[in-house]
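Chemist: Quick one, what's the 3D model for this:
(chains A, B, C and D)
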Number of protein chains: 4
Amino acid sequence: MKFSANINTFNACADRYVLSGYGERLDSDALIRAATQVPDLTGVELVGMWHVNDNNVEQLRRQLADVNLAVTCITPDIWASSKWGWGSFTSPDPAIRADAIREVQKSMGWAKQMNCDIVDLWFGQDGYDYPMQGDYQTAWDRIIEGTIACAEYMPDINLVIEYKPKEPRTHCYISTVGKTLLLIDKVNKPNVGAMIDVGHTLQAYEDAAESAALLDYFGKKLMYMHFNDNWRLWDDDMTAGSVHTIELLELLYWLDHIGYDGWYALDIFPYREDGIRAATESIKWIQGLYGLLDKIGRDNITSAIEQGDAMQVSSLVRTALLGNS
Amino acid sequence: MKFSANINTFNACADRYVLSGYGERLDSDALIRAATQVPDLTGVELVGMWHVNDNNVEQLRRQLADVNLAVTCITPDIWASSKWGWGSFTSPDPAIRADAIREVQKSMGWAKQMNCDIVDLWFGQDGYDYPMQGDYQTAWDRIIEGTIACAEYMPDINLVIEYKPKEPRTHCYISTVGKTLLLIDKVNKPNVGAMIDVGHTLQAYEDAAESAALLDYFGKKLMYMHFNDNWRLWDDDMTAGSVHTIELLELLYWLDHIGYDGWYALDIFPYREDGIRAATESIKWIQGLYGLLDKIGRDNITSAIEQGDAMQVSSLVRTALLGNS
Amino acid sequence: MKFSANINTFNACADRYVLSGYGERLDSDALIRAATQVPDLTGVELVGMWHVNDNNVEQLRRQLADVNLAVTCITPDIWASSKWGWGSFTSPDPAIRADAIREVQKSMGWAKQMNCDIVDLWFGQDGYDYPMQGDYQTAWDRIIEGTIACAEYMPDINLVIEYKPKEPRTHCYISTVGKTLLLIDKVNKPNVGAMIDVGHTLQAYEDAAESAALLDYFGKKLMYMHFNDNWRLWDDDMTAGSVHTIELLELLYWLDHIGYDGWYALDIFPYREDGIRAATESIKWIQGLYGLLDKIGRDNITSAIEQGDAMQVSSLVRTALLGNS
Amino acid sequence: MKFSANINTFNACADRYVLSGYGERLDSDALIRAATQVPDLTGVELVGMWHVNDNNVEQLRRQLADVNLAVTCITPDIWASSKWGWGSFTSPDPAIRADAIREVQKSMGWAKQMNCDIVDLWFGQDGYDYPMQGDYQTAWDRIIEGTIACAEYMPDINLVIEYKPKEPRTHCYISTVGKTLLLIDKVNKPNVGAMIDVGHTLQAYEDAAESAALLDYFGKKLMYMHFNDNWRLWDDDMTAGSVHTIELLELLYWLDHIGYDGWYALDIFPYREDGIRAATESIKWIQGLYGLLDKIGRDNITSAIEQGDAMQVSSLVRTALLGNS
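Modeler: Have a look, this model is predicted:
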């Protein structure tokens, strides 16, 4: 497993009440220094325009290479200012739609320059807030059209759709694994796939393992992973494994089972926690649970799943975790 | 609008605590008499084996014709006994899978004999209850295979997938509108489409109007409608319009907008209410809200949606509903 | 009914993604001008330190009086900066606890100077984020102690507890109507009561009408009301009546029934909407639904509730709203 | 820890679709034999009238004593037939209210005869289904009055209120820990306390540990425990520890911390699982996690909680569970 983290993990996290953030705001140098202090972290995610731009891309590339941090994903910023508030790819304003596509393409270019082959397409502002507000079919036309325009721009950079049921809109158009696969199918480009953000699956009442299995089933479309946890009703962006232990174990089993070989990236918001400790704990939970798969024996799990025998799984996991047989 | 109701609407509804039901158990004759007492109800849904079988199909057809009730949908029973508890189309036991397919095919035959062109495919028992229990990819293989076998059996009978996130399993495989469209696409038969059960969309944090628009968008796949309401977290099967007034209005607007011309069927469980009153109220709410669309003016709604102007929609609906401008 | 609104209704609303807000940031003068443009709005809420402080309290009082706006509630800021991130009244740091109490007391003083008798106690930061993090019993000791200290400071100013299940913490200690009444009982001061924020009740799977009835039942403790709406799972702070029409109608019936004579205040976050329109729509929905109570006849509602006859209620409301009998 | 289980654990569980149950229906003798096969199970719960009545109480007492099974709790049946559908203690019909009280009193008598000091008061049918249906204040009058009548009937038998947010009603009146404590306070009898059903707390977005701490805080009112698990949105009644591992660990820590010395009872519905295996797994998870508290060191947990240091807790738990430091 190769571990990455959004570089913002180490910065002050803000919410709608504490807009200035709960901790100290750091510059990029300090964020990178923080990243190097997390054991086994060998990659970082960047946000386009926030961390990387035309002027600093080469310098940043060297700076990260010097500390042996790969860039694993770049996320274009098409959601973090008022401009995008009424949509990016689905904005009613054609000029904003064009700008959104351009932002994605710029991030694709920076990704290429930094030897990163993943760009995250998160349509956070593309949705609706009220009943009778969404123009549902037009929205899909525009998302499909925009995604094709991006995919064709640079075929060797992979676009990974990051679905999410809600927030910042009360309803996002690309909200579930099913809709994500429909979009991928319509776009029909080899460089368009999906990522799973574990917290988003919980919010959607999906089981992340099932969603990974489905993305694999429909043409090996799982290209990236975001780990975090929450209390199932909101994207709390807590440390990985902090609430849903068994489901995380199941996810790790299935990622192995389908031959996922991408990054294990963290997307957490440690509002009140130290970012370095939060990232470290997240990685250690993932590593520890991954190790548990060996202890249990993958074949034993496979066999119990084939029989759908929940009590056998319970016994296997419990014995390995707690030692009481 | 043509209204139908599941004939069980008029029977005693049971839950896991009151297994004998909250009201009086009626025979089919009494259920049909009850249905005739609901104004504007011109169709009924039947459950295969419960109400219709090889012996009574012709008699029942005549009996319903005599009171001018059409059969609008037959639902095969592949979920209501212990036999199906570990799955119907996805059962680990090939004999049970074959039986499930046969049950669907029998219902297709009865539908044909009764001039009904809709058979409901509800995979209630096909899912999982515990983490690490589901055999996700195998399940999809089996659902696809079984659905094809049914579709090919009688091409002039439409199979409508009724998706639902959970219950009776804690997780059903065919849980969302997105997964339903993926299944329809894989099966790829003209006589396989979808129904929307409003309560299931609420439970899935879908907006029923959006789901209808999507089923239309991906090839005109909306073939049937189940109306009911709930408190958004569980399939409470309450009367239509009792909780989510505005969302029901939006749904009616979109059904019109996409040219839906199928049945407006009720799927309610009036546990403690009189079934005739519950069905009557449900129909009257739908009719009343449908009438409101005229009062508002569909073009006014269309225009507000194109602009995504939620406050304009609010003003239009409020003025029409409450009269204060 | 007397209507008020948080003065921030008219300012740019921010979320954790768009920290600079979706609209234009306005100064207090502009916010007040905006408030005067909302029909039937005769009061405003202020946040301590944000809008009112020792230096401007007298000037602000005159400024609002000049435009006939009453101050209906002051909310001390004990949640909007990093300082309060680990709790206000429950902070592990006694100095921060003392500061929090002082902030509340300052707001009580300003309220008095502005002829306002309501100060809002919202313990947004007093809770926990992770399992095994909360020090539950100590937290209650501190909340009780702090509330008593505030209540005794100025007995003619009412403190209204604003409960909320979560956000910004994943779990807030004072989360439900039940816990609020327990706190009020322990504190046992005549000037400590509760407010209901409609959105918070939805988030708690409470029915706001039931919560109002309970606050009345346990000693007439309902002193203030916040109106807004959401999709039941998160505090979306949408305009009043936009989603839960019937439940709002029920709430208005019960407020009348228990003789509530306080303010009908708006607490909405119109992120992407114009604040003046959003406030106007909210008030008009409340007024329109209130008017509907006359049309239905309060006695008819009372009688249907006494019989628990949901279908009778359905018929009454539908006929009044939609005209089809 | 002393373990008990509802004797129905071993019987066929039914839901609203499979009314005849998923397994084999057993008589009482067979249920008792099954109970004896669960390691470390030394008690059982009975339902009044289902398992125990005036005619068999003495025989059943001897039968259980012979196999060393204590009766730990009797639950009066005031919810499992149509008669109670519109409420038990809150029924609009005074005759039904009187009957409900009588049923509870009968169960208290049987409990006494069987050396059991706990009777479960679960008001499952006392609530409402629709908006504008509940007669909220009258309901509380009746619940208080009825509970007092029961408490006074036999002061040496403890009545434990089992709160639950919903099901079978969409809203139950006694829904949260806060309302439960309000009821206990109003009733004000030493033999009226509460039980926590873990699944009900999850459904209420409570943390069971916090609810236990509160019941202790407000006068040592926690008298009984029901263990099970679910997916947080519905009372799925799964085996203990199957989903929420860390939260169960926290609960066990707090039960110890507050000196809980009652039964650790299972209330699970193993619809498709073998009851003996399901009970065995549940007990072993509780035992294993309880053992983990020793491994971690209770003082270490106490200290981390006092500091609210979630990352320290994460590290302690992870190291003990997974061994990677």
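Chemist: Rounded mean pLDDT for stretch A:97-109, please.
Modeler: Stretch A:97-109 shows a mean pLDDT of 98.
Chemist: quick one: buried residues of it?
Modeler: Buried residues in stretch A:97-109, counted by 16 or more other C-beta atoms under 10 Å in any protein chain shown: A:97, A:99-101, A:103-109. Backbone N, C-alpha and C define where each C-beta goes, glycine included.
Chemist: which of these sit farthest apart?
Modeler: Greatest spatial distance among the buried residues of stretch A:97-109 (C-beta to C-beta): A:97 and A:109, at 19.2 Å.
Chemist: Can you give me the distance of the residue in the stretch 51-200 of chain A positioned nearest to chain C to chain B?
Modeler: Residue nearest to chain C within the stretch 51-200 of chain A (C-beta to the nearest C-beta): residue A:85, separated by 4.6 Å. Residue A:85 is 11 Å from chain B, where distance means C-beta to the nearest C-beta, to the nearest Å.
Chemist: Surely that residue is in contact with residue C:272?
Modeler: Yes: contact criterion C-beta atoms under 8 Å: residue A:85 and residue C:272 qualify, at 5.2 Å.
Chemist: With neighbour numbers in mind, choose between the two.
Modeler: Remark: of residue A:85 and residue C:272, residue C:272 carries more neighbours, 24 against 21, as counted by other C-beta atoms under 10 Å in any protein chain shown.
Chemist: report the longest helix in chain A, please.
Modeler: The single longest helix within chain A, with elements called by DSSP state H, is helix A:275-296.
Chemist: Determine whether any part of it lies close to chain B.
Modeler: No: judged by C-beta under 8 Å from any C-beta of the partner chain, helix A:275-296 and chain B are separated, with a smallest distance of 10.1 Å.
Chemist: List the buried residues for that helix?
Modeler: In helix A:275-296, counting by 16+ other C-beta under 10 Å, buried: A:275-290, A:292-293, A:296.
Chemist: show me what contacts the residue nearest to residue A:133 when sequence neighbours are not counted?
Modeler: Excluding the flanking residues, the one nearest residue A:133 by C-beta to C-beta, 6 or more residues apart in numbering or on different chains is residue B:310, at 4.6 Å. Residues in contact with residue B:310 (C-beta atoms under 8 Å, 6 or more residues apart in numbering or on different chains) are A:128-130, A:132-133, C:239, C:242, C:273.
Chemist: Go again with 10 Å.
Modeler: A:128-134, B:304, C:238-239, C:242, C:270, C:272-273, C:277-278, C:281 (C-beta atoms under 10 Å, 6 or more residues apart in numbering or on different chains).
Chemist: Would you show me how to pick out the buried ones of those in PyMOL?
Modeler: To isolate the buried members of these in PyMOL, using 16+ other C-beta under 10 Å:
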select buried, (chain A and resi 128+129+130+131+132+133+134) or (chain B and resi 304) or (chain C and resi 238+239+242+270+272+273+277+278+281)
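Chemist: among the contacts of residue B:310, which are in strands?
Modeler: residue A:128 (DSSP state E).
Chemist: what is in contact with residue A:85 and residue C:272 at once?
Modeler: A:125, A:168-169, C:18, C:22-23.
Chemist: which SSE is the residue sitting nearest the centre point of chain A in?
Modeler: Here the mean C-alpha position of chain A is nearest to the C-alpha of residue A:226 (C-alpha atoms, centre = their mean), at a distance of 3.5 Å. Taking DSSP states H and E as the definition, residue A:226 sits inside strand A:222-227.
Chemist: what lines up beside that strand in the sheet?
Modeler: strand A:192-197 (parallel), strand A:263-266 (parallel) (DSSP bridges).
Chemist: before we move on, back to that, what's the separation between the residue nearest to the centre of chain A and residue A:196?
Modeler: From residue A:226 across to residue A:196, the span is 7 Å (C-beta to C-beta, to the nearest Å).
Chemist: where do the strands sit along chain A?
Modeler: A:2-6, A:41-47, A:70-75, A:118-121, A:127-128, A:158-162, A:171-172, A:192-197, A:222-227, A:263-266.
Chemist: so which residue of the stretch 51-200 of chain A comes closest to chain B?
Modeler: Counting by C-beta to the nearest C-beta, the stretch 51-200 of chain A gets nearest chain B through residue A:178, at 2.0 Å.
Chemist: can you tell me how far that residue sits from residue B:45?
Modeler: Where residue B:45 is concerned, residue A:178 sits at a distance of 26 Å (C-beta to C-beta).
Chemist: contacting residues around the closest residue to residue A:139 other than its chain neighbours?
Modeler: Spatial nearest neighbour of residue A:139, chain neighbours left out: residue A:90 (4.4 Å); criterion: C-beta to C-beta, 6+ apart. Counting by C-beta under 10 Å, 6+ apart, residue A:90 touches A:96-97, A:100, A:123, A:125-128, A:134-135, A:138-143, A:146, A:173-174, B:308.
Chemist: What's the separation between residue A:90 and residue B:255?
Modeler: On the measure of C-beta to C-beta, residue A:90 and residue B:255 end up 23 Å apart.
Chemist: got it, and residue A:314?
Modeler: 45 Å.
Chemist: More neighbours: the two, which one.
Modeler: Neighbour tally, residue A:314 and residue B:255, criterion other C-beta under 10 Å: the higher count belongs to residue A:314, 29 against 23.
Chemist: Between the two ends of stretch A:149-167, how far is it?
Modeler: One end of stretch A:149-167 sits 25 Å from the other (C-alpha to C-alpha, to the nearest Å).
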